[in-house]
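K.L.:
Quick one: sequence plus predicted model below, questions after.
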Amino acid sequence: MTGPLDGRRALLTGGTSGIGAALVDRLTADGARVVFTGRDRQRGTEVAGRSGATFVAADVRDEAAIDRSVDLAAQELGGLDALVCAAGVIVDRTLTRTSPEDWQTLLDVNLTAPYLYSRRCLPLLREAGGGSIVHVSSDAGVWGEEEVGAYSVTKAALNTLAQMLAIEAGPSGIRVNAVCPGDIMPGMATTVAGRKRHAGTDGWRVPPMGRIGDASDVAGVVSFLLGPDAAFVTGTALLVDGGMIASYRAWEANA
Amino acid sequence: MSGPDGLRVLVTGGTSGIGRGIVERLRTDGASVVFTGRDAPRGKQVETSTGAIFVQADASDAKEIDRSVARALEALGGLDALVNNAGMILQGSIESTTPAAWRELMAVNLTAAFLYSRACFGPIREGGGGSIVHIASDTAIRGIPSIAAYSVTKAGVRMLSDVLALEGAPVNVRSNAVCPGDVTPGVQATPAGFSAHAEDPSKWALPPAGRFGTAADVAALVAWLVCDEARHMNGATIRIDAGMGAGITAGAGAGPGDD
């Protein structure tokens, strides 16, 4: 099999559902060899079965599990060319209605885990002579959303993390980008509290493209960012939102 | 009422640097002020010189945060404004930032801002509305790779201010992010195990205006933002950096053809 990611060795976090699972499917279809993490063993086994990728059970809130999953991936793949951090959680609450416990979980999963994974993988990517890191962020990190207040905070910080990493890793031939999806189905199935919207798209605002995004829309962009055509693309926070932010910013939403 | 006269304000991290400047300015303008900090001797000193009330509290400790808010409400009989100023800094890249230092930075710069905002939002709203000011940083707008993890926390603070502004608008609680550039004396605190932030302005690029900022420069902006006169200011990110962040200065290397 040949594809744009032929032979690339990739570690992906949060690959058992939603955008992460679509990423495992896409990256393997594009020729990459993939190890992916997740908490749900049953779903992990399913995704591994259909894609040929290797599943490693790991909770990204557990620093030792993170280290272990990186070691296992490097061992299984014989090195590493790419890291995709897709694991994430959301809480459907405004900032002041977010509990301190949920805040900490959001911070740990959406921000500290991408930092820990990146820091741990940079030496491996350097050993490989370069590589690519993609952080799956959110349009809420570009323009904040009241109803997911704390989530927006973590994603804004994540975009800056990607930018800082891009600057410091650039000289090693390592590119780092964030992708910022808008409303996507299937989206975030893993929740902490209060998540209702993933049951369906009723009541969702439709972006200018006239449809809710599909996880494969995001997967295509991530595949591009990992591949040779993106050789000069680093430090960006790329919106994959069907024009939603452009539309909100043009006041259409509030008119 | 137009100035801060009579306002009841809680300032976090008021024993040194910008925070101390804010306490001094608000007291001069007639506000009643409670301020927090870790260093008791310095706190007592500022208390004596300004007449503000010092409450010893570590911003990395959720219990101490709750306790200090309760003390402020008790001492002031309510709250009109919160200034989230406590912060720490760490030199270095993301890769050189240890997990322990990362977590401490997150706790003090980001989680404390959340916890203080969360604890004060209700009391400010119940008092008829008011203002929350976050001392972010110019790194919230454009990150600085030599203080990379710090920049990440400040980008978070900026967004925290924005989503709080959306939430507070209908109930007259305003939230704004103040983003100072190079200020002396600036932030001194660092995560455990790191020596105090070696602030060496001689190594900084001098703003075109020919001087670095002072705590008083920042305090003047804060003193206005907490006032009713600034009632239309909400969800704003305000650079206060003498123009350093306005764009790429001529001669900075962005020549014709590469942009």
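P.N.:
Everything's here; your move.

K.L.:
does A:Ser51 really touch A:Thr28, like I thought?
P.N.:
Yes. If you go by Cβ atoms under 8 Å, A:Ser51 and A:Thr28 touch, sitting 4.5 Å apart. Placement of C-beta: from N, CA and C, glycine included.

K.L.:
which residues do the two both contact?
P.N.:
Both A:Ser51 and A:Thr28 are contacted by A:Val34, under the criterion Cβ atoms under 8 Å, 6 or more residues apart in numbering or on different chains.

K.L.:
Next, count neighbours for residue 168.
P.N.:
Since no chain was named, I'll use chain A. A:Glu168 has 19 neighbours, counted by other Cβ atoms under 10 Å in any protein chain shown.

K.L.:
I was thinking of chain B, sorry if that wasn't clear
P.N.:
26.

K.L.:
Same question for A:Ala57.
P.N.:
Per other Cβ under 10 Å, the neighbour tally for A:Ala57 reads 15.

K.L.:
Same question for A:Leu106.
P.N.:
A:Leu106: 25 surrounding residues under other Cβ under 10 Å.

K.L.:
Now do the same for it: its pLDDT.
P.N.:
The model reports A:Leu106 with a pLDDT of 97.

K.L.:
distance of it from A:Ala150?
P.N.:
Distance, A:Leu106 to A:Ala150, by Cβ to Cβ, to the nearest Å: 5 Å.

K.L.:
Pull up the overlap in contacts between the two.
P.N.:
Common neighbours of A:Leu106 and A:Ala150 (Cβ under 8 Å, 6+ apart) are A:91, A:98.

K.L.:
Pull up the residues of the stretch 151-255 of chain A that are close to chain B.
P.N.:
Contact residues, the stretch 151-255 of chain A versus chain B (Cβ under 8 Å from any Cβ of the partner chain): A:152-157, A:159-161, A:163-165, A:167-169.

K.L.:
list the contacts for B:Leu90?
P.N.:
So B:Leu90 contacts B:97, B:101, B:105, B:147, B:149-150, B:190-191, B:194 (Cβ under 8 Å, 6+ apart).

K.L.:
Could you list which of the residues you listed also contact chain A?
P.N.:
Among the contacts of B:Leu90, chain A is touched by B:97, B:149 when using Cβ under 8 Å from any Cβ.

K.L.:
helices or strands up against the longest helix that chain B contains?
P.N.:
Criterion DSSP state H: the longest helix present in chain B is helix B:148-168. If contacts are counted by 3 or more Cβ pairs under 8 Å, 6 or more residues apart in numbering or on different chains; DSSP states H and E, helix B:148-168 sits against helix A:149-169, helix B:99-105, helix B:112-126, strand B:130-135, strand B:173-180, strand B:237-240.

K.L.:
count of neighbours near residue 120?
P.N.:
By default, I'm working from chain A. Using other Cβ under 10 Å, A:Arg120 has 21 neighbouring residues.

K.L.:
Oops, wrong one, chain B.
P.N.:
B:Cys120: 23 neighbours (other Cβ under 10 Å).

K.L.:
Near chain A, which residues of the stretch 101-250 of chain B are found?
P.N.:
Within reach of chain A by Cβ under 8 Å from any Cβ, the stretch 101-250 of chain B has these residues: B:102-103, B:106, B:110-111, B:114-115, B:117-118, B:121-122, B:143, B:145, B:148-149, B:151-156, B:158-160, B:162-164, B:166-167.

K.L.:
which of these are buried?
P.N.:
For these, a burial check counting by 16 or more other Cβ atoms under 10 Å in any protein chain shown picks out B:102-103, B:106, B:110-111, B:114-115, B:117-118, B:121, B:143, B:145, B:148-149, B:151-156, B:158-160, B:162-164, B:166-167.

K.L.:
A:Gly182 contacts A:Leu238, correct?
P.N.:
No. Judged on Cβ under 8 Å, A:Gly182 makes no contact with A:Leu238 at a distance of 11.7 Å.

K.L.:
between the two, who's got more neighbours?
P.N.:
Taking other Cβ under 10 Å, A:Gly182 and A:Leu238 do not tie; A:Gly182 has more neighbours (26 against 20).

K.L.:
residue boundaries of the helices in the stretch 1-150 of chain A?
P.N.:
With DSSP state H, counting those that start in this stretch, the ranges of helices along the stretch 1-150 of chain A come out as A:18-29, A:41-51, A:63-77, A:100-107, A:113-127, A:149-169.

K.L.:
again, but for chain B
P.N.:
Per DSSP H, chain B carries helices over the ranges B:17-28, B:40-50, B:62-76, B:99-105, B:112-126, B:148-168, B:215-225.

K.L.:
which one of these lies closest to A:Arg33?
P.N.:
A:Arg33 lies closest to helix B:99-105 among those, at 28.3 Å (Cβ to Cβ).

K.L.:
count of residues packed around the nearest residue to B:Ser32 once chain neighbours are set aside?
P.N.:
In space, and not counting its chain neighbours, B:Ser32 is closest to B:Arg8: 5.0 Å by Cβ to Cβ, 6 or more residues apart in numbering or on different chains. Neighbour count of B:Arg8, defined by other Cβ under 10 Å: 22.
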